[in-house]
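*Asks:* I need the structure of the sequence given here:
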Amino acid sequence: MKFKKLLALAVSAVMLGATSTAAFAAPVATASPKTYEYVALGDSIASGYGLSADDHAFDPALILSEDLIETPVKEAYAAVFGEMLEELGESRGYQTKTTNLSMTAYRAQDVAKTITTPGFKGEIATWIVDTFVGAGTSDYLLNYHDIVSKYLPTADLVSIQLGGNDFIMAVLSPMVNSENPIEKAVAVSVCLVLFGYDMKTAIGGGLKVLSNYKDSITKESLAQFAQTLGDVIKNFEGYVLNSTENVRTVVDTVKSVNDKAKIAMINMFNPYGNSMSYNDQMTDINIVVTSIFQIAAEMYCSVETSDPSVDPVDVDQDELTEEFLEAKSDEASEALDELELISALYSKYTSIKNKLLNEIVAPVVNSLKVKADELISVAKDQIGYMIQYLAVGKTMDPYVNLLNEKLAEVAEETGSIYVDVYNISNEHNLDPHPTASGHEEIAAIMWNDLEETITESMVIDELVNNSELKSDRIKVGSSVKVKAYAEGGTGNYQYAFYYRKVKNSSPVRVQDFSTTDHCNIKPAMAAKYEVIVKVRDSAGTVVSKTLPLQVTSK
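*Replies:* Sure, this is the predicted structure:
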């Protein structure tokens, strides 16, 4: 029964002739598929580190993997930008693909080496993963060279945001490997900060180092740390210039494997606020540095230290009566632990030592004061100003600006497009990675600077109508098949068919615009006709073609 119904429908369609379109819809024809590929190169900022995990040890953006490439961090600016790119591509007949190859903890020099060197995983990345995730974890790092070689050569646009890790690691790497326990402790804590850990955890990492090496802390190691900080300040400009050259090498290396891609150089922002907004900052990474130094100093002075993340106890001097001190004599040393700075013991709380029981506290205080006086002298003369200058807030701002200035020069010299994201919103937290809103700002700035260039790259071929008749001469009573063909243009095609006598200005519509690309026309009398085929693409462009048809009586 079903077969008979289908047969009847088919016969009816043939009999209808000029008053009907084809019985079955043709496959939707489209313009030739065109692709536009975007590849992002960068470090933990570009990878979206810290956006999609509660536990940093399992942050999906920590280690680049095939899964991360296929399912990237959607809040990262590369993915947000990719969505904008996809929307533009749809309007211009392009399929777009975004691939984020950014690698957490990578320096520019590591990225350049990855592009050229099979098997290279990144020296700093390997060390950080093994140190902070677990020994042997670096074995799971992929052969990044093969991955980069898969995507980079066909990219139409490559964004590069690198350089920050180069000058940061130039400072931290020697300190991590130093035999000076204070330098090692500070470097470990700052590394934890850079990975977005809270201040308590970051300082705790440094304290663990100090605890392991507490017998090695001396006045000389304190002075040496002061000298190291001085050298850092003196050489920082050199670190920045070296970082700039490393970024230039990345640009040149990308061009060596793909000389057709447009390159967008994204500059650095100061995650701790610029010099104008610094005073409003809620926290400062300088707290990490000074806290580790403080604890080391207290260890040198043979004083047990409390948790540095706990605010110092504000002792009410009215309560320091003789009776109170007698009752709390066993806790006197514990009270000392909770004083944040050694010098504060003698400036803010000088009355305390006079009230504490002499037989319990006096010997400790006298010994401590001698060593503290020596330490304060060292701190004042060699350390104090340097630590303040090392603060990664307003004091780092000149170096961020210097790096950006040099990156702008590299962009101009290499023909890259410079994208300035320096002024994205201040996040007011210790984590140097942008939040999701910061990534959205970066993506918006990129789009503003790159949309015109990308649009020009997505070339739309002229829509061409190549429609034809099966025959240009038929007898009255016969029908002729019209087949529509098109190429170029954008997206999907739709077709409309008309015919008219040459001397008649009113055409007969056979089919309005639809995806059906053919029809049969059966004129009622002998005459000269014009068959009109219109093709429309997704952008709304319409191209008509007129085909002559002679209908004879015999």
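
*Asks:* tell me the domain boundaries of this protein?
*Replies:* Segmentation of the chain into domains, based on automatic domain parsing, reads 2-31+461-552, 35-179+235-278+397-457, 288-390.

*Asks:* ok, of these, where does mean pLDDT dip lowest?
*Replies:* Among these, domain 288-390 has the lowest mean pLDDT, at a mean of 47.

*Asks:* pull the CA atoms of stretch 535-546 into CSV?
*Replies:* Output in CSV follows, covering the C-alpha atoms of stretch 535-546 (Å, rounded to 0.1, in the frame of the first residue of the first chain):
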residue,chain,number,x,y,z
VAL,A,535,21.0,32.3,-7.2
ARG,A,536,21.2,33.7,-3.7
ASP,A,537,23.9,33.0,-1.1
SER,A,538,23.8,33.3,2.7
ALA,A,539,25.1,36.9,2.6
GLY,A,540,22.0,37.9,0.5
THR,A,541,23.9,38.4,-2.7
VAL,A,542,21.7,37.6,-5.7
VAL,A,543,23.1,36.8,-9.2
SER,A,544,20.7,36.2,-12.2
LYS,A,545,21.3,34.4,-15.4
THR,A,546,19.1,34.5,-18.5
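
*Asks:* tell me which residues in it are buried?
*Replies:* Applying a neighbour-count criterion of 16 or more other Cβ atoms under 10 Å, one finds 535-538, 543, 545 buried in stretch 535-546. (Glycine included, C-beta is placed from N, CA and C.)

*Asks:* For the stretch 51-200 of the chain, which segments count as helices?
*Replies:* Here the stretch 51-200 of the chain has its helices, by DSSP state H, counting those that start in this stretch, at 66-70, 77-91, 108-116, 123-132, 144-151, 164-176, 181-194, 199-212.

*Asks:* could these be laid out in a markdown table, adding mean neighbour count?
*Replies:* Listed next are the helices of the stretch 51-200 of the chain as a markdown table, based on neighbours: other Cβ atoms under 10 Å:
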| stretch | mean neighbour count |
| --- | --- |
| helix 66-70 | 12 |
| helix 77-91 | 20 |
| helix 108-116 | 24 |
| helix 123-132 | 19 |
| helix 144-151 | 17 |
| helix 164-176 | 21 |
| helix 181-194 | 25 |
| helix 199-212 | 19 |
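
*Asks:* distance of the nearest residue to Leu41 once chain neighbours are set aside from Thr35?
*Replies:* Leaving aside its sequence neighbours, Leu41 sits nearest to Ile160 (Cβ to Cβ, 6 or more residues apart in numbering; 5.0 Å). From Ile160 across to Thr35, the span is 21 Å (Cβ to Cβ, to the nearest Å).

*Asks:* quick one, which of these two is more surrounded?
*Replies:* Ile160 (26 against 12; other Cβ atoms under 10 Å).

*Asks:* The more buried one touches Gly42, doesn't it?
*Replies:* Yes - applying Cβ atoms under 8 Å, one finds Ile160 in contact with Gly42, separated by 6.8 Å.

*Asks:* hey, what's in contact with both of these two?
*Replies:* Counting by Cβ atoms under 8 Å, 6 or more residues apart in numbering, the residues touching both Ile160 and Gly42 are Ile266.

*Asks:* for the helices of the stretch 51-200 of the chain, which one sits closest to Met525?
*Replies:* Checking the helices of the stretch 51-200 of the chain against Met525 by Cβ to Cβ gives helix 77-91 as the closest, at 45.7 Å.

*Asks:* List the buried residues for the helix or strand harbouring Lys255?
*Replies:* Lys255 is part of helix 219-257 when elements are defined by DSSP states H and E. For helix 219-257, burial by neighbour count (16+ other Cβ under 10 Å) applies to 221-222, 224-226, 228-230, 232, 236, 239-240, 242-244, 246-251, 253-255.

*Asks:* Give me the angle between that helix and helix 164-176.
*Replies:* Interaxial angle of helix 219-257 relative to helix 164-176 (axes from the mean of the first three to the mean of the last three Cα atoms, to 10 degrees): 150 degrees.

*Asks:* Quick one: name whatever helix or strand follows helix 219-257.
*Replies:* With elements assigned by DSSP H and E, the helix or strand that comes after helix 219-257 is strand 262-266.

*Asks:* list the buried ones in that following strand?
*Replies:* By 16+ other Cβ under 10 Å, the buried positions in strand 262-266 come out as 262-266.

*Asks:* what are the pairing partners of that strand, and which direction each?
*Replies:* Using DSSP bridges, the strands paired with strand 262-266 are strand 157-161 (parallel), strand 417-419 (parallel).

*Asks:* any residues touching it, and which ones?
*Replies:* Applying Cβ under 8 Å, 6+ apart, the contact partners of strand 262-266 are 42, 46, 156-161, 247, 251, 254-255, 407, 410-411, 414-419, 421, 442, 446, 449-450, 453-454, 457.

*Asks:* Strands of the stretch 451-554 of the chain, start to end?
*Replies:* 464-465, 468-469, 473-475, 480-483, 486-487, 494-501, 508-514, 518-521, 527-536, 542-552 (DSSP state E, counting those that start in this stretch).

*Asks:* Just send those back as a markdown table, with distance to Ile63 too.
*Replies:* Formatted as a markdown table, the strands of the stretch 451-554 of the chain follow (distance: least, Cβ to Cβ, whole Å):
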| stretch | distance to Ile63 |
| --- | --- |
| strand 464-465 | 49 |
| strand 468-469 | 57 |
| strand 473-475 | 70 |
| strand 480-483 | 55 |
| strand 486-487 | 45 |
| strand 494-501 | 48 |
| strand 508-514 | 51 |
| strand 518-521 | 55 |
| strand 527-536 | 49 |
| strand 542-552 | 52 |
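
*Asks:* The ones you listed: which one's closest to Lys214?
*Replies:* Closest approach to Lys214 among these (Cβ to Cβ): strand 486-487, 77.4 Å.

*Asks:* what are the pairing partners of the closest one, and which direction each?
*Replies:* By DSSP bridges, strand 486-487 pairs with strand 464-465 (antiparallel).

*Asks:* still on that earlier bit, quick check: beta-bridge partners of the residue nearest to Leu41?
*Replies:* Note on Ile160: beta-bridge partners Leu41, Met265, judged by DSSP bridges.

*Asks:* Please report the distance of it from Asp166.
*Replies:* Distance, Ile160 to Asp166, using Cβ to Cβ: 13 Å.

*Asks:* go on, Glu462?
*Replies:* 47 Å.

*Asks:* And for Ala486?
*Replies:* Distance, Ala486 to Asp166, by Cβ to Cβ: 52 Å.

*Asks:* Next: Leu68.
*Replies:* From Leu68 over to Asp166 (counting by Cβ to Cβ), the distance is 23 Å.
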